[in-house]
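> The sequence isn't on hand, but the structure is:
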DNA sequence: CTGTTAGCGCGTTCAC
DNA sequence: GTGAACGCGCTAACAG
């Protein structure tokens, strides 16, 4: 079922069939209809591999993500998928499970697959061999959820977002705000958010407590419960992501502290699921699907222009705040 | 950066380079090391498109899913991704957003991309044009989350699972159990689960109430609240999926009914997130990642055997029950 | 064990 | 406006 069959069926040459698909205006209308009809009848689908081999440009975009189990990235991928599909492109997503070694492996895979460009969410752009390789190849790529002066990025200002949030909590009367984060060194974004906490506390004239780092999700719950039982007792927990915020809610329950009356919990990410919880999760919202869409849009634009992207193409998307129900003024402030 | 460059660099022919990669044992160890070294030095990566074009068999598997926003499918895709990656295959996932028309479109896309096989989650296998096309092409495919006599499937027995669950609820003392489902006609699986409810109630000698169908997620909450305020008042809500169960929990809250003391809520799916909620979601668990893994395993086996799969290859995976905290005996039973 | 060669299906010159 | 022919990078015969 190749272009040859269509050509034979339509009584023209393969070249004309090719043109009919790729430069329709260069083919006489009558001939074109003949060809379209023949293609239809034979159920002809142009062979993507041959086309890619010939043009050296595929219609597949590579995606490198930490995981799909975190809805943040699933939502983002969904956004990418829509944008890509609309433009007639397919996606090839690979996950790294937060392991740096697998980032490079994934990029190799995608390079071999002749992807036209890539969207990546990595641990740390500054020390990524994978990115260096991409730059060397002049293959267009975009970093999602990052902000970095040397790369084209589509992200949000996590530091500002957290600093704003701290200000909001302080305005509500909170004085003892504890930040709960995954391993800071493991991720760019975690570090950025922790900096926002420190800046926010400093701006409010409050002493920043040490960040509670919970390197392993499996043990996060116990770590948080332990923290809640230790002085100084926080009136608010600020989780560096929504999955961690869920653990905070549960830890509060186990520690016997009602949310939000006895303890406020706020997250970061804005996963859609959070809005369906009870209490509805208060969280900094990122436009996850948009992040994906815009990343793809940037990539497609670069492909159209025939240029790799530079850092100047970066976009910072607006974050928001979902009020939710897990955050309220502390009791001491209202009493 | 082609195989030619490597051949030149290593001082051998292209055929030998090709062999060194694909049938290493047919090449002399010394030559092989030469080639590996040359490839390494040049950063050579075999061109997948050329390989696919030549062998007529790609290392990409197509995946058709309703959505990634539902963690069930994100978890499943993650399982597929791991299994595929381990075998050196990549995935090309397309989402349909539950629209049947997009199923066919997705399959066309994947066929054109020369995928070696497909995993699909569709609305209804019996009336799927996409499936018929696949069968005609003798391209291996597997249906995930389905059970169907005419197709190779990897699924769970949803009907049995729900019937068992009803029995469990009845044993706890529940008599008024209301099933909450999405649009039954929109999905195979919803219908299967509703049948399980009816069978379970019948087996318990209880009258099955009409299923509360909530066609639109956006309005589900209001519909459920309304139901909770209408007689006969249920002591347990059985949601046909976990996302709906979350709405049930919230509806209970809005209707002023404490969970689980005044109302039990159980879900279906076993999304990982459910275990981190407070109250922890009681639910029928499906091995979502396994479903994905096994679907891929089946596909890879078919590819190895050079055969399309028949219905007899189907597997039914065991479901489970997560006790959680959203389900307990009704008050009337303990009083 | 290694080299030569012929296409896989397509887009793109260059003639006509 | 259309056709003939080349080559993208690779693998699979077939020779040697």
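Received the coordinates, thanks. These figures come from a predicted structure and were not determined experimentally.
> Against residue B:323, how distant is residue A:68?
For residue A:68, the distance to residue B:323 equals 27 Å [C-beta to C-beta, to the nearest Å]. Yep, even glycine has a C-beta here, placed from its N, CA and C like the rest.
> Now do the strands in the stretch 101-250 of chain A.
A:117-120, A:141-144, A:153-155, A:177-181, A:212-213, A:236-239 (DSSP state E, counting those that start in this stretch).
> who does residue A:180 bridge with?
Beta-bridge pairing for residue A:180 (DSSP bridges): residue A:212, residue A:239.
> How about the contacts made by it?
A:211, A:212, A:214, A:220, A:224, A:227, A:237, A:238, A:239, A:240, A:244, A:248 (C-beta atoms under 8 Å, 6 or more residues apart in numbering or on different chains).
> one step back: most tightly packed of the strands of the stretch 101-250 of chain A?
strand A:236-239 (a mean of 30; mean count of other C-beta atoms under 10 Å in any protein chain shown).
> I'd like the contacts of residue A:180 written out as CSV, with pLDDT added.
Below are those laid out as CSV (pLDDT from 0 to 100):
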residue, pLDDT
A:211, 97
A:212, 98
A:214, 97
A:220, 97
A:224, 98
A:227, 98
A:237, 98
A:238, 98
A:239, 98
A:240, 97
A:244, 98
A:248, 98
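> neighbouring contacts of the lengthiest helix in chain A?
When chain A is parsed with DSSP state H, its longest helix is helix A:288-305. For helix A:288-305, contacts defined as C-beta under 8 Å, 6+ apart pick out A:57, A:61, A:72, A:75-84, A:87, A:89, A:116-119, A:140-142, A:144-145, A:152, A:154-156, A:269-271, A:308-309, A:313, A:315, A:317.
> And that helix, what's buried?
By neighbour count on 16 or more other C-beta atoms under 10 Å in any protein chain shown, the buried set for helix A:288-305 is A:288-300, A:302-303.
> Same check on stretch A:26-45?
So stretch A:26-45, judged by 16+ other C-beta under 10 Å, has buried residues A:27, A:31, A:32, A:34, A:35, A:36, A:38, A:39, A:44.
> check which helix or strand covers the fifth one.
This means residue A:35. Under the criterion of DSSP states H and E, residue A:35 resides in helix A:29-42.
> who's in contact with that helix?
A:1, A:5-6, A:9-12, A:16-17, A:20, A:24, A:27, A:44.
> one more time with 7 Å
A:1, A:5, A:6, A:9, A:10, A:12, A:16, A:17, A:20, A:24 (C-beta atoms under 7 Å, 6 or more residues apart in numbering or on different chains).
> ok, of the buried residues of stretch A:26-45, which one's closest to residue A:276?
residue A:44 (45.4 Å; C-beta to C-beta).
> still on that earlier bit, Throw the contacts of residue A:180 into TSV and include distance to DNA strand D, thanks.
Converted to TSV, the contacts of residue A:180 look like this (distance: C-beta to the nearest atom of the strand, whole Å):
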residue	distance to DNA strand D
A:211	48
A:212	50
A:214	45
A:220	45
A:224	51
A:227	54
A:237	53
A:238	50
A:239	47
A:240	43
A:244	44
A:248	50
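> From the buried residues of helix A:288-305, pick the one nearest DNA strand D.
Relative to DNA strand D, the closest of these is residue A:303; by C-beta to the nearest atom of the strand it sits at 18.5 Å.
> follow-up on the earlier one: please name whichever of the strands of the stretch 101-250 of chain A is nearest to DNA strand C.
Taking the strands of the stretch 101-250 of chain A one by one with C-beta to the nearest atom of the strand, strand A:117-120 is closest: 18.1 Å.
> Neighbouring strands - and their directions - for that closest one?
strand A:60-65 (parallel), strand A:141-144 (parallel).
> Would you mind giving those as TSV with distance to residue A:262 and mean pLDDT added?
What follows is the strands paired with strand A:117-120, written out as TSV (distance: least, C-beta to C-beta, whole Å; pLDDT from 0 to 100):
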stretch	distance to residue A:262	mean pLDDT
strand A:60-65	37	95
strand A:141-144	37	97
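> Show the low-confidence segments of chain A, by residue range.
Residues of chain A meeting the criterion pLDDT under 70: A:332-335.
> Pull up the residues of chain A that are close to DNA strand C.
A:2-4, A:14-15, A:18-19, A:21-23, A:46-47, A:50-51, A:53-55 (C-beta under 7 Å from any atom of the strand).
> mind running it again at 6 Å?
Within chain A, the positions lying close to DNA strand C (C-beta under 6 Å from any atom of the strand) are A:2-3, A:14-15, A:18-19, A:21-22, A:46-47, A:50-51, A:53-55.
> okay, now the nearest residue to residue A:157 once chain neighbours are set aside: neighbour count?
Closest residue to residue A:157 apart from its sequence neighbours, by C-beta to C-beta, 6 or more residues apart in numbering or on different chains: residue A:316 at 5.7 Å. As a burial measure, residue A:316 scores 12 neighbours (other C-beta atoms under 10 Å in any protein chain shown).
> Might one say that residue A:316 is in contact with residue A:158?
No. Using C-beta atoms under 7 Å, residue A:316 is not in contact with residue A:158, being 10.2 Å away.
> Identify the residues contacting the nearest residue to residue A:285 once chain neighbours are set aside.
Distances taken as C-beta to C-beta, 6+ apart place residue A:270 nearest to residue A:285, at 2.9 Å, with adjacent residues excluded. Residues near residue A:270 by C-beta under 7 Å, 6+ apart: A:283, A:284, A:285, A:286, A:288, A:322.
> on that earlier part again, any part of the helix holding residue A:35 near DNA strand D?
Yes. Counting by C-beta under 6 Å from any atom of the strand, DNA strand D has neighbours in helix A:29-42: residue A:31.
> SS state for the residue nearest to residue A:135 when sequence neighbours are not counted?
Distance criterion C-beta to C-beta, 6+ apart; nearest residue to residue A:135, sequence neighbours excluded, is residue A:308 at 7.9 Å. For residue A:308, the secondary structure call by DSSP: H, G, I helix; E, B strand; the rest coil comes out as coil.
> Return the nearest residue of chain A with respect to DNA strand C.
Residue of chain A nearest DNA strand C, by C-beta to the nearest atom of the strand: residue A:3 (2.9 Å).
> Can you report how many residues lie near that residue?
As a burial measure, residue A:3 scores 22 neighbours (other C-beta under 10 Å).
> now do residue A:284
Neighbours of residue A:284 using other C-beta under 10 Å come to 26.
> List phi and psi for it.
The phi/psi pair for residue A:284 (degrees, to the nearest 10) reads phi -70, psi 130.
> burial count for residue A:174?
That count, for residue A:174 with other C-beta under 10 Å as the rule, works out to 23.
> contacting residues around the closest residue in space to it that isn't next to it in sequence?
Closest residue to residue A:174 apart from its sequence neighbours, by C-beta to C-beta, 6+ apart: residue A:236 at 4.6 Å. Residue A:236 makes contacts with A:169, A:174, A:177, A:264, A:266, as judged by C-beta under 7 Å, 6+ apart.
> ok, residue A:71 touching residue A:269?
No. Counting by C-beta under 7 Å, residue A:71 stays clear of residue A:269, with 8.1 Å between them.
> so where do the helices sit in the stretch 201-335 of chain A?
Remark: helices assigned in the stretch 201-335 of chain A by DSSP state H, counting those that start in this stretch are A:217-228, A:242-254, A:288-305, A:331-334.
> meant to ask about the stretch 51-200 of chain A
With DSSP H, counting those that start in this stretch as the criterion, the stretch 51-200 of chain A has helices spanning A:71-86, A:100-112, A:129-137, A:158-171, A:188-203.
> buried stuff in the fourth one?
It refers to helix A:158-171. A:158, A:159, A:161, A:162, A:163, A:164, A:165, A:166, A:168, A:169, A:170.
> and which of these is nearest to residue A:128?
residue A:158 (18.4 Å).
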